[in-house]
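Engineer: got a structure for you, letters missing:
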C-alpha cells in the first residue's frame, strides 16, 4: 500500500492539515476552523475529511506530526489547573522578586508579570545544596509529607519542585518526587533538574512552574489525540513539534509540555527554511500571519536563529515583560496581529489588536456572532478577499455586514468613509508587523535589504508585499498552499532532543576530564530519549556551550568543534567562542580569559527528507488563469479599480503576473500592489519583486 505522512497544526483560529504521499510526493490539504472548547475535534474531523476525500485508510499513514497552541493559550489565558511550588527554605518569593531590571526603565510603576502560582500555594522545605553540588543540610522528608497533606487540602492537581542548585545535585528533588508518587500518585510532578537543569534561579523556577502548570491540560489533550488516532486504526508513532525546531514523541511531550509552548510558530519557521532551501535562498525572514497572531523569524545562512531563553505573554514586545522560559527555542517574535485582530477607536485613533475574535465568534463576516470589526473584515471591504471563495467556497463571507460594522465602530466615530476606515485598519496592522520585523532584523544589526521575506499563513500573502515595502525587503516568496505552510513545516522537521547542564568553569586543560563525563552522561540520556521514538539509523550529536569572558554576566551560544576530549580541544573551543562573539558584537579579544557556563548537547535523527516536485518550464500559457475582475482598493490610485483576479491552480511555472493583481487559492489570497510583479518558479512558488517605497 502507498504510505502517507500526516501533519496537523492547531492554531488559535484555524486548524491546518497536510497529507503527503511518500511515493510521489503529492500533497493534499485541509483547513477548518479550530474548535476552542476541544481542539482535538477540529483535528479529528479534518483528518476524516482528508482521508475520505482521497480514499486513504488510516492504516496507510506511517507518521503523524502535530503542533498546537494549547500550551501557549493555557499560560496566556491563565486557564491551567491549580499549581503548587515546593522550594528551598528562604526562597519563597523568587517568583515575586523576579528580576532587578524593569522592562520600562524609567517607569517606577510598571507591572511585572503575574506569577502562575499564588504565594499561598508555595511551600518552603528545609534543605540546602551549595553551588558545587555539596549537601550542606539534608532534606527533611517528614516536612515534605506534612507539606503534601496541606497541598491535598487545597485540591491542587500539579506540583513544581525547584530547589536551590538542584542543577548540580538533583538528589533532594528526586526524593521529593518519590514521596509524592508514593502518597499521591494522582498528582503530577515537574522537577527543575529534569525540566531546566541550568542556573539562574528565577528563570529555572518559572520554566519548571510553566511545565507543571500546563501539564494536566496538555497531558489530557495529547492522550485524547493519541487515543483518537488509535481508535481510527493508526498504528504508528505520533510526534509533536518542540520550540527548538525538532519533533519528539508524545511520551516526551507529556513529561515536558513546556517544550511545546512555541510549537506552531516554530513549525512555520521550519517550513520557511525549507522553501528557502529549494530556491537556493539562505537569508530569509519568515512571516506567518494567521487568524490570531503574526509570527516572524530570522533564518541566516539557511539556519533559523536560535535562543536559549524566550518569554511568553510579553507587553509590546518589551524584553523582560513576560514569563521567561529557559529551554532551547527558535527565535520567533509573535504579536497579536492576525486576520481576527479586533479594530477599535482609542483616543481618537484607530487601534488594531492585540486581542482577536478567534474562531468563535470570529470576524463579523463569518456570521457566527462577531460584532467587532477585524482585519479580515477590512480586507473583505477593500476587495482583497473573495466573499464566495473563502476556504475554497466552504464558507461564505458577508461583505455588507463587515462594511456596516466598520462604519458603526470605526468610520462614523472618526468622521471617515468606510473605505478610509478599512484601509486604516489594513495599514495599521501592516505597520505593527513591520515594526516587529525591524526588531528582529535592523535592531539586531541585520540589513533587511539582504533578506527575502517568506509569506504564508491564511492572511500572510495578503499583507506581505506592503510589509516588505515598508522595510525595503526586495523580494517575497509566496509558496504554494501558503495557508497551510506551517503544517508543511512539521514534515520538514527532524526528531530532536536538547539537554544542558550548568558548570561555571575556566576554559583550560583542567576541565577535559569533567567535560568528558558531562557530555557522556548527556549523550547517553539524549540517545535513550530519541530512541523511544523507535528510530532507525545514525543519530547526529551536536555539542555547544554558553560561554563568556571572565567577569561578564551574559553568555554567547557557541557551537563546539568535534571534541576528542584531549588538551588540543581547548584552543579550538576558544577559537569557536571568539568567532561567535565577533559575529555578534563585531569584535573579540583573544587575549582575555573565557569561561563556560552551560554545556549543552543536541541529539538529532534526520527524518525522511521532502523531495519537492520540480516542474518543467516550457512555453508558458496564461490561458484560463484569469478568473475575472473585481473592484479592489489600492492607495496608489486612492480608489477602487478593476483588478485582475488569478486562479493560483491554473498558473504554470514561468507565468508572470504584473501588479496590481490578486491571486486566489483555497486557503489564502496573495495581493500584488501596483509596480510589483510575481513569477511562478519550478516549485510553484510565486517570487515577487518588490518595488521599494518612493521608487
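Structural biologist: That came through fine. As the structure is a prediction and not an experimental result, all values here were calculated from the model. Residues are numbered from 1 along each chain as shown.

Engineer: how many neighbouring residues does residue 658 have?
Structural biologist: A count of nearby residues for residue 658, using other CB atoms under 10 Å, gives 12. Quick note: C-beta positions are derived from backbone N, CA and C, even for glycine.

Engineer: just give the closest residue to it, not the sequence neighbours.
Structural biologist: The shortest distance from residue 658 to any non-neighbouring residue, by CB to CB, 6 or more residues apart in numbering, is to residue 677 (5.1 Å).

Engineer: residue 660 is in contact with the one you found, correct?
Structural biologist: No. Assessed by CB atoms under 8 Å, residue 677 is found out of contact with residue 660, at 10.6 Å.

Engineer: number of residues surrounding the residue nearest to residue 658?
Structural biologist: For residue 677, using other CB under 10 Å, the count is 16.

Engineer: next SSE downstream of the top helix by length along the chain?
Structural biologist: Assignment by DSSP state H gives helix 201-231 as the longest helix of the chain. Proceeding N to C from helix 201-231, the next assigned helix or strand is strand 237-241, under DSSP states H and E.

Engineer: if you average pLDDT over that next one, what comes out?
Structural biologist: Mean pLDDT, computed over strand 237-241, is 90.

Engineer: next, the angle helix 201-231 makes with that strand.
Structural biologist: Strand 237-241 runs at 150 degrees relative to helix 201-231, counting by axes from the mean of the first three to the mean of the last three CA atoms, to 10 degrees.

Engineer: any chance you could list what contacts strand 237-241?
Structural biologist: Counting by CB atoms under 8 Å, 6 or more residues apart in numbering, the neighbours of strand 237-241 from elsewhere in the structure are 63-68, 222, 225-226, 229, 247-250, 253, 260, 263-264, 266-267, 490, 493, 495, 533-534.

Engineer: and residue 10, bridged to which residues?
Structural biologist: Beta bridges link residue 10 to residue 15, residue 68 when assigned by DSSP bridges.

Engineer: I'd assumed residue 43 was in contact with it.
Structural biologist: Yes. Between residue 10 and residue 43 there is a contact under CB under 8 Å: 6.0 Å.

Engineer: ok, now which ones touch the residue lying closest to residue 667 once chain neighbours are set aside?
Structural biologist: The shortest distance from residue 667 to any residue that is not its chain neighbour, by CB to CB, 6+ apart, is 2.5 Å, and that residue is residue 483. Residues touching residue 483, when contacts are defined by CB under 8 Å, 6+ apart, comprise 16, 29, 31, 456-458, 665-668.

Engineer: let's see it at 7 Å
Structural biologist: Counting by CB atoms under 7 Å, 6 or more residues apart in numbering, residue 483 makes contact with 31, 457-458, 667-668.

Engineer: now residue 201
Structural biologist: With contacts defined as CB under 7 Å, 6+ apart, the neighbours of residue 201 are residue 94.

Engineer: distance of it from residue 129?
Structural biologist: According to CB to CB, to the nearest Å, residue 201 stands 13 Å off from residue 129.

Engineer: angles on the backbone of residue 481, please.
Structural biologist: Summarising the backbone geometry of residue 481 under the convention degrees, to the nearest 10, its torsions are phi 60, psi 40.

Engineer: and residue 610, what helix or strand is that in?
Structural biologist: Assigned by DSSP H and E, residue 610 falls within no helix or strand.

Engineer: that one reaches residue 492, doesn't it?
Structural biologist: Yes. Judged on CB atoms under 7 Å, residue 610 makes contact with residue 492 at a distance of 5.7 Å.
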